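Undergrad: Structure for this input, please:
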Amino acid sequence: MVIYTMKDENKKIEDLIIKFLTKEANLDEHRKLELWICNPKNETLFYEYIKTSAFINMTMGKYDTKGAKANIVNRIKKEKSNFRNNSKIKNIAKYASVAVISALLTAAFIFKDILFSSQSINTPVVVNSDIKPGTDKATLILEDGSAVVLEKGSSFQTQSMNSNGEQIVYEARGQKPKEIVYNILNIPRGGQFYLKLSDGTEVWLNSESQLKYPVAFLDGKTRKVELVYGEAYFNVSPSTEHQGAKFEVINNAQELEVLGTQFNIKAYKDESNIYTTLVEGKVQINTSSTKQILVANQQSNVSIVNNEISVQIVDVENEISWIKGIFSFKGKPLKDIMKVISRWYDVDIIFENKDLESIKFKGTLDKQQAIEEILSIMKSNSINNYEINDKTIIIK
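TA: Model prediction:
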């Protein structure tokens, strides 16, 4: 006998809301969502979902629940009518991230009057600010030491690779190499980049990261790359397609042995820990003093100071949200959140009030939002005020 809990039911409804907002729900799912929303017992849960998604930290007394429900129900009825007139609902979610972002934007639109109607007494100070969200850009260091700047609108090509300025794709050569030749990819603050290695392994690199890798791998030999620093998400081509050759990611404090899998490694220069999050498959973490096997949904934490490893279960989608174009912060302290913000927007952040560093913040944000929008959301939830002066942000 299968027992369904209230948590299971809530997850189903949350999925329905996202499917509805992205026009992926079928007629039966429209009906289920309409019945659920119209049930007065679900009013609080509906509000909590929207509040978390749209970052509305208001009291229930200031919240127009009836108006919000009416808005959603009217949209459901309209979609149901459209569904009857069309055999298929067009799928507008090109990537999985679009579903999440669309949900957030729609929720924000529904509650825009609430979001912007109440102005804080403390008005932020903004001086000479021209802070932009990050974009696809990198510097490629070739085997001869020459550097190539890659960014949107530019292109570059060699015998082994080509780039449109927003990604790099290496091709497996017809003639196998006899020795390994390395390239290095540098991602600056305010940047990100996609890379496809010659064996088909995909790598997404986050801001302020550096990866050293072979232009081509040797047949039957371990495929090895080095995450010198920063954060990278790997979708590794399985060893069964490469004569059993293993894949390894090395760093100054750990070596990671892969058996065909997806995982995220975070190893920034200004942090004393390396975090490896396993999405799918199995990996082994090796340090100078110990070894640790990870399975899906586990995250290892390696201390650079003493090489000790700890493991915990994590929300994988939350940990890898950055590759989908969003920031997902669930109970993280502001000090850690501001490190992420500073890398992506290429700014320096100073806490005038040190007590705020440990304040925890929860929510999801679009990475293309203006920095002022993000800070304003935090101002209504966690911080007292902020000041922007050129490329420096002061949290008060």
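Undergrad: List the buried residues of the helix or strand harbouring residue 329.
TA: Taking DSSP states H and E as the definition, one finds residue 329 inside strand 326-333. By neighbour count on 16 or more other C-beta atoms under 10 Å, the buried set for strand 326-333 is 326, 327, 328, 329, 332. Placement of C-beta: from N, CA and C, glycine included.
Undergrad: Paired strands for that strand, with orientation please.
TA: strand 360-366 (antiparallel) (DSSP bridges).
Undergrad: and after the partner strand, which helix or strand comes next?
TA: Following strand 360-366 toward the C-terminus (DSSP H and E): helix 371-379.
Undergrad: What residues sit buried inside that next one?
TA: 371, 374, 375, 376, 377, 378, 379.
Undergrad: These into CSV, with extra columns for pLDDT and distance to residue 149?
TA: Converted to CSV, the buried residues of helix 371-379 look like this (pLDDT from 0 to 100; distance: C-beta to C-beta, whole Å):
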residue, pLDDT, distance to residue 149
371, 93, 24
374, 89, 28
375, 90, 30
376, 86, 34
377, 84, 34
378, 85, 33
379, 81, 36
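Undergrad: in the next helix-or-strand element following the strand holding residue 329, what's buried?
TA: The element immediately downstream of strand 326-333 (helix or strand, assigned by DSSP H and E) is helix 334-345. Buried positions in helix 334-345, judged by neighbour count with 16+ other C-beta under 10 Å: 334, 337, 338, 339, 340, 341, 342, 343, 344, 345.
Undergrad: returning to that earlier point: could you save the buried residues of helix 371-379 as CSV and add columns showing distance to residue 25?
TA: Listed next are these as CSV, based on distance: C-beta to C-beta, whole Å:
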residue, distance to residue 25
371, 34
374, 30
375, 34
376, 32
377, 28
378, 32
379, 35
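Undergrad: What is the nearest of those residues to residue 306?
TA: Comparing the buried residues of helix 371-379 against residue 306 with C-beta to C-beta places residue 378 closest, at 34.1 Å.
Undergrad: excluding its backbone neighbours, what's nearest the closest one?
TA: residue 361 (6.7 Å; C-beta to C-beta, 6 or more residues apart in numbering).
Undergrad: Also residue 197?
TA: residue 170 (5.6 Å).
Undergrad: Who are the contact partners of that neighbour?
TA: Going by C-beta atoms under 8 Å, 6 or more residues apart in numbering, residue 170 touches 160, 161, 195, 196, 197, 198, 215, 216.
Undergrad: Please repeat the previous calculation with a cut-off of 10 Å.
TA: 158, 160-163, 183, 195-201, 213-217 (C-beta atoms under 10 Å, 6 or more residues apart in numbering).
Undergrad: Filter these down to the buried ones and hand me the ChimeraX line.
TA: Buried members of the contacts of residue 170, defined by 16+ other C-beta under 10 Å, are picked up in ChimeraX with:
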select :160,161,163,183,195,196,197,198,199,201,213,214,215,216,217
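Undergrad: one step back: my read: the residue nearest to residue 378 touches residue 336, true?
TA: Yes: Residue 361 lies in contact with residue 336 (C-beta atoms under 10 Å); the separation is 9.5 Å.
Undergrad: Bridge partners for the residue nearest to residue 197, pull those for me.
TA: Residues in beta-bridge contact with residue 170 (DSSP bridges): residue 161.
Undergrad: where's it relative to residue 345, distance?
TA: To residue 345, residue 170 is 30 Å away according to C-beta to C-beta, to the nearest Å.
Undergrad: In the stretch 251-396 of the chain, where is pLDDT below threshold?
TA: 260 (pLDDT under 70).
Undergrad: go on, the stretch 51-200 of the chain?
TA: By pLDDT under 70, the low-scoring segments of the stretch 51-200 of the chain are 51-122, 174-175.
Undergrad: which residues in it form helices?
TA: Ranges of helices within the stretch 51-200 of the chain are 65-85, 96-110, 112-117, based on DSSP state H, counting those that start in this stretch.
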